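K.L.:
What follows is a predicted structure for the sequence shown.
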Amino acid sequence: MVKKFDQLAIKNLDDFVYGTCPNPVTTKSGMVIGGGIVYPEINFTLPGMDVDDETLPKAVGIYTDIIDGVLKRAAELYSPGVLVEFELLPEFTHFPKYGIEVNRVLLNGMKEAAEKYGLKSALRTTPNDLREFDRPPIMRSGQYWETMLELYEQCAKDGSDFFSIESTGGKEVHDDALVKADIRLAIFALGILGCNDMEFLWKHLVELAEANNCFAAGDSACGYANTAMVLAEKGFIPHVFAAVIRVTAVPRALVAFEQGAVGPSKDCAYEGPYIKAITGCPISMEGKSAAGAHLSPVGNISAALADTWSNESIQQVRLLSDMAPIVAIEQLSYDVRLMNAATKNGQQLMFRDLLVQSDSALDVQAYVLRPDVVLRISAELVKEQNHFLKTRLAAKLTVAELKKAIVEGKVKSDKRDMKWLDKMEKQIDSIPDDPDEFYSQMKSVLNMDKFIPSEYGL
Amino acid sequence: MVKKFDQLAIKNLDDFVYGTCPNPVTTKSGMVIGGGIVYPEINFTLPGMDVDDETLPKAVGIYTDIIDGVLKRAAELYSPGVLVEFELLPEFTHFPKYGIEVNRVLLNGMKEAAEKYGLKSALRTTPNDLREFDRPPIMRSGQYWETMLELYEQCAKDGSDFFSIESTGGKEVHDDALVKADIRLAIFALGILGCNDMEFLWKHLVELAEANNCFAAGDSACGYANTAMVLAEKGFIPHVFAAVIRVTAVPRALVAFEQGAVGPSKDCAYEGPYIKAITGCPISMEGKSAAGAHLSPVGNISAALADTWSNESIQQVRLLSDMAPIVAIEQLSYDVRLMNAATKNGQQLMFRDLLVQSDSALDVQAYVLRPDVVLRISAELVKEQNHFLKTRLAAKLTVAELKKAIVEGKVKSDKRDMKWLDKMEKQIDSIPDDPDEFYSQMKSVLNMDKFIPSEYGL
Amino acid sequence: MATLQEVSQCVLEGDLDNVKVLVQALIDEGTEPIVIINEGLIAGMNIVAPLFKSGEMFVPEVMESADTMNEGMKLVKPLIMDGDIPSKGKMIIGTVNGDLHDIGKNLLIMMVESRGYTVIDLGVDVKEEDFSAAIKKHNPDIVGMSSMLTTTMMKMESTIAQIKKDGLRDKIKIIIGGAPVTQEFANDIGADGYSMDASTAVELCDRMMSSPEELSA
Amino acid sequence: MATLQEVSQCVLEGDLDNVKVLVQALIDEGTEPIVIINEGLIAGMNIVAPLFKSGEMFVPEVMESADTMNEGMKLVKPLIMDGDIPSKGKMIIGTVNGDLHDIGKNLLIMMVESRGYTVIDLGVDVKEEDFSAAIKKHNPDIVGMSSMLTTTMMKMESTIAQIKKDGLRDKIKIIIGGAPVTQEFANDIGADGYSMDASTAVELCDRMMSSPEELSA
Ligand SMILES: [Zn+2]
Ligand SMILES: [Zn+2]
Ligand SMILES: [Zn+2]
């Protein structure tokens, strides 16, 4: 049942571009994601408010206003279709009836927009990963786990197109790795804890999706690699460390696809380009038009390979023109119009290269998203099937790729970057081949109060 | 002293592109606007608050936070330079000491950013047109007029690079023309009242600028043509009417340049492309990344000829990532990076055409911004020097251009559009050549309580 | 023979010339004036309103319909007693202190008037005291305030304070609108209602008039 | 001969091995323990803090410096009386009810501890009552709350309400932080201070401690 990706799905740089992939996915409304055009993917969240039984009607009203406003504007701008993501706040997963109700409100708004404007849309439902509410987290059983499955199942039955999640296996260890900029610890967290949890989690999500006429879409290393990016933007950790973490998170993301996920991968998963190269599945990406959710050094290059283009998240607050989610769909719509106009002219590769060129020399985190770099590293990763070793390899290859790029002057670097790359290289090389041996080495530095080995099959 | 534009400054479509113009302008910090690259132009305003003596320190603190945050982010994103616009709220013009203080705060923040990051920047000071606080407006004398001049002079002495304004001569009549979709009335308001006031106003502003080491940059028909666009987006008036108003506003905007303005024209003046073709001066434009200030059907095409690229306005409110003006500078920075990357590759015409193609067939308001349409209409406009006749001609040519485009299927149109174009054509053709005769015809429909003829030299 | 339906159709089409002929014919045939108003003229505007809301009619067309209705009214009004002319309510409206934007306000006036309300326009840059004075003078059911700037929107709050101070708050409903305004802001400052734009303002006014018990809120 | 400046330099460089040698040497040479702390170890951290704020040092480097300082402290502390060890103040901190984000909070703890505060970490998803209970138990000067979601930020308000209800508000200063939080929100809910991120939190704590008269605000 488990898929094995031992060669690249996309081998040629000229086949590696936004809007198109070898394995497109067709939504219930007939949108073909990865079939030639890029679709906007809209995300939104509540303004500052309490959520409880008393305020739920207000929250539901807000979600109704959002979906109606957003789809109306998308139709006015002749959008070819809209992927809607409902990323649940913890309260909405904790009390599945809340989440289910809002999910239905969105589906209903989508149905109305189809009738009124003929607008195609699809829904991605992304519950909160509740399991870390236990500290240390209980990953494989218990009330939190059951609640998540219950929510997924009902939302699929109600009509959602896609399941996603920002799962958190190993994050309790990875947080420490980030603030210490400790690549060994990060590889342990992502390559052993993270991958093991993804195997367990996505096996269940794929089964549940398949049983309920829904697609398992993909995960995001948001709490790992995007936290690294945000910390790097604040100047808290080196940009090169965040860049290496980005690629080191790829084998973890890939596990969902080995288990049967089909994409589009999650918007904030900048691992996406690697996933697309390896699996041929469509990916969601976000960049400059997600700046309301987080700043980044990859505002343009992130679009180069996107199949859906997302704003990540925005509160329902009033801007001078209109509500912020309406502003977001307008910006996304114009972005994808431009990309699709280039495709229509047969200029998609040229436009991809402009997106790449405009960012890739200015930040190492942009550099590792270059399509050629992605293909080069991915070609090596598919040769290794062991998750842990693949994770170590991803880190090693990225360090080497960045050292070369800096030496050759291909990317701007901080004067301290080379020191950090050397330090990471030494740490990576000190990691043994045997995961058990690595685990026993790590035990001395791990805070064993923070995680339960058996929850990760250890 | 008055400049005469009797031939096009840009005759060839291949010379008509963003970032470059025949007459670039160099700021005090050395930014060459129109000299090859597009710069971001950032705008911002206060969140909901009172402004008075008591709250002024708070307002000043907010402006300090904005300028520091925005320029820091621009530097982090390696911006080649930033044009800052300080568009004054009425309170800040009414009490010039308020406006002058904030203007100094901004200049100071810019100086600090130059020292800290080596970031180039320039300041455009745009007071509020106070004159319409009198109803009917007193345009040529009095306390309001004196106050505006006082403010301009001091801001220039303090170091501002550019003067702009969204002047309002004739708006008291044009408002009626808009809600009635009455093109005759609009031509009277723009071509006679508007142009007459522009002549008076910009003569003074150019003198004041030249005496104080500052540039007179340009005006915007914001209260005329952008109000039309917003009304059309709401479905209140026909899109074709708004499109015709856009071009009908060009002769009015041109008057500032006849009087000696040098650009960059104002961001919300979508008349800009025509101004650039006719005068060769740089222009500021705004589109999708100004969606927080107003939605529009021209999100991409508006960038095709821009020399600075603006967000129009955003309140200092918190979004999930950071304060909204910081989000805005991030989006603008990535937009111009992409445009400038294309220029660096020699692909600027191709990129311009993508921007154009992506919008121009979807809305008549986008269609009239097509570079080829702009050149074609502008080439006729320069043959006519009388402001009133030029305004009538602009309306007539636009109606003809749109009818042809609709018939040829080059632009999407509403089933009611042709009826409205016919109606406008008939109205325009009924306007006599002699302005005095037109004025006496109009007297019967004009509400003479609304404006004072002598304030417009009538 | 003219029919009430033809009168409605005239109003819908903004047919100024024909409406006079038709209304006069109905009068001559002995149709009750109040019936001509309710089932002919106002019935026409009742078709117009939803067409405007759904985007099928433009503002200038609605204005022509309203003009047409008024043209018909001119003929009928002298025939009935003042108290019998249906008025849905009286409203005063202005753009607040320091703010000069009036196009949104003017559109709202036009829409609300065409639906049977009596509206008194206070203009732009209306000081707090002047709102209060106008309430005393005109005794309206509804007070509307408009603002387009983040700074002047705060004047809505001070205007409400002034109205309270003058003991007039309980006599009226207050509705607000304009670009920076939200429902939440309306709640915060104690307004009774909020309208996004002119096309929803009539419904809001109707809601205000239909629940007078909330007046004391 | 070891110098205080060399100790500071060790702290700055995060030189764990050398700091022990140097501090021991100073002790052996008879330097006052309190002088070693203030002019050697803490002086080192006083160089680190501005370098971090200006972006010249990364968090992991600051952590190494802090570890180095603590390593030195271990040798000196036994030699002086408890009361003599400089502590800038005591803080409890937690991520609020319903919220699991802790990396920001952990960074703040690290920064604040390294600057001489005593910090008790209550963890994540901390219920309102648990904040109150911790105040009673630990008697802190400052209570810090963190939230990363627009919904859980409202729990800061309910936590402050709980603290007030338990009669503890006057004993402490409350500071808040997290992505959706603003100074204005802090004012609204009656917090004493707001910090954008970990790099400015120390200054905020210093400000809180230096103006105890505001405690009753
Ligand atoms: Zn995420
Ligand atoms: Zn997301
Ligand atoms: Zn404007």
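P.N.:
All right, it came through fine. Ligands and ions are numbered 1, 2, ... in the order given.
K.L.:
Count the residues that sit near the nearest residue to A:Phe5 once chain neighbours are set aside.
P.N.:
Spatial nearest neighbour of A:Phe5, excluding adjacent residues (C-beta to C-beta, 6 or more residues apart in numbering or on different chains): A:Ile278 at 5.0 Å. For every residue, glycine as well, the C-beta is placed using N, CA and C. Neighbour count for A:Ile278, taken as other C-beta atoms under 10 Å in any protein chain shown: 26.
K.L.:
now A:Ile278: how far from chain D?
P.N.:
29 Å (C-beta to the nearest C-beta, to the nearest Å).
K.L.:
now A:Glu150
P.N.:
For A:Glu150, the distance to chain D (C-beta to the nearest C-beta) stands at 19 Å.
K.L.:
For whichever strand or helix holds that residue, buried residues please.
P.N.:
Counting by DSSP states H and E, the element that carries A:Glu150 is helix A:142-158. When neighbours are counted by 16 or more other C-beta atoms under 10 Å in any protein chain shown, the buried residues of helix A:142-158 are found to be A:144-145, A:147-148, A:150-156, A:158.
K.L.:
and those residues as CSV, adding pLDDT and distance to A:Gly194?
P.N.:
Shown next, in CSV, are the buried residues of helix A:142-158 (pLDDT from 0 to 100; distance: C-beta to C-beta, whole Å):
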residue, pLDDT, distance to A:Gly194
A:Tyr144, 95, 18
A:Trp145, 96, 17
A:Thr147, 96, 22
A:Met148, 96, 18
A:Glu150, 96, 24
A:Leu151, 96, 22
A:Tyr152, 97, 20
A:Glu153, 97, 25
A:Gln154, 97, 28
A:Cys155, 98, 25
A:Ala156, 97, 25
A:Asp158, 98, 30
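K.L.:
Tell me the one among the residues you listed nearest to ligand 3.
P.N.:
The nearest member of these to ligand 3, counting by C-beta to the ion, is A:Cys155 at 43.9 Å.
K.L.:
so that closest one sits right up against A:Asn103, yeah?
P.N.:
Yes - under the contact definition of C-beta atoms under 8 Å, A:Cys155 touches A:Asn103, with a separation of 4.7 Å.
K.L.:
Now list whatever residues contact both of these two.
P.N.:
With contacts defined as C-beta atoms under 8 Å, 6 or more residues apart in numbering or on different chains, the residues shared by A:Cys155 and A:Asn103 are A:Thr125.
K.L.:
Pick out the residue closest to the middle of chain C.
P.N.:
Centroid check for chain C by C-alpha atoms, centre = their mean gives C:Val112 as the closest residue, at 2.1 Å.
K.L.:
how about that one, what does it touch?
P.N.:
Here C:Val112 is in contact with C:91, C:119, C:201-202, C:205 (C-beta under 8 Å, 6+ apart).
K.L.:
quick one: it from C:Ala43, how far?
P.N.:
When distance is defined by C-beta to C-beta, to the nearest Å, C:Val112 is 18 Å away from C:Ala43.
K.L.:
On the pLDDT front, check C:Glu213 for me.
P.N.:
The confidence metric pLDDT takes the value 48 at C:Glu213.
K.L.:
returning to what we had before: just the CA atoms of the helix holding A:Glu150, as PDB, please.
P.N.:
Output for helix A:142-158, consisting of C-alpha atoms alone and laid out as PDB, is shown next (Å, rounded to 0.1, in the frame of the first residue of the first chain):
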ATOM      1  CA  GLY A 142      -7.100   9.200  23.600                       C
ATOM      2  CA  GLN A 143      -9.800  11.800  23.400                       C
ATOM      3  CA  TYR A 144      -7.900  14.300  21.400                       C
ATOM      4  CA  TRP A 145      -7.000  11.800  18.700                       C
ATOM      5  CA  GLU A 146     -10.600  10.500  18.600                       C
ATOM      6  CA  THR A 147     -12.000  14.000  18.300                       C
ATOM      7  CA  MET A 148      -9.800  14.800  15.300                       C
ATOM      8  CA  LEU A 149     -10.900  11.700  13.500                       C
ATOM      9  CA  GLU A 150     -14.600  12.400  14.200                       C
ATOM     10  CA  LEU A 151     -14.300  15.900  12.800                       C
ATOM     11  CA  TYR A 152     -12.500  14.800   9.700                       C
ATOM     12  CA  GLU A 153     -15.000  12.100   9.000                       C
ATOM     13  CA  GLN A 154     -18.100  14.300   9.300                       C
ATOM     14  CA  CYS A 155     -16.600  17.200   7.200                       C
ATOM     15  CA  ALA A 156     -15.800  14.700   4.500                       C
ATOM     16  CA  LYS A 157     -19.300  13.300   4.600                       C
ATOM     17  CA  ASP A 158     -20.600  16.900   4.400                       C
END
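K.L.:
What average pLDDT does the helix or strand just after it get?
P.N.:
Toward the C-terminal end, the helix or strand that comes next after helix A:142-158 (DSSP H and E) is strand A:162-165. Rounded to a whole number, the mean pLDDT of strand A:162-165 is 97.
K.L.:
Show the average pLDDT along the longest strand seen in chain C.
P.N.:
With DSSP state E applied, the strand covering the greatest number of residues in chain C is identified as strand C:89-95. Strand C:89-95 comes out with an average pLDDT of 93.
K.L.:
Give me the distance from that strand to the chain's centre.
P.N.:
8 Å (C-alpha atoms, centre = their mean, to the nearest Å).
K.L.:
Name the residues of it that are buried.
P.N.:
Using 16+ other C-beta under 10 Å as the burial criterion, the residues of strand C:89-95 that qualify are C:89, C:91-95.
K.L.:
Give the closest residue to C:Met73 in space, chain neighbours not counted.
P.N.:
In space, C:Met73 is closest to C:Leu41, 6.2 Å off (C-beta to C-beta, 6+ apart).
K.L.:
Then C:Glu6?
P.N.:
On the basis of C-beta to C-beta, 6+ apart, the spatially nearest residue to C:Glu6 that is not a chain neighbour turns out to be C:Leu22, at 5.4 Å.
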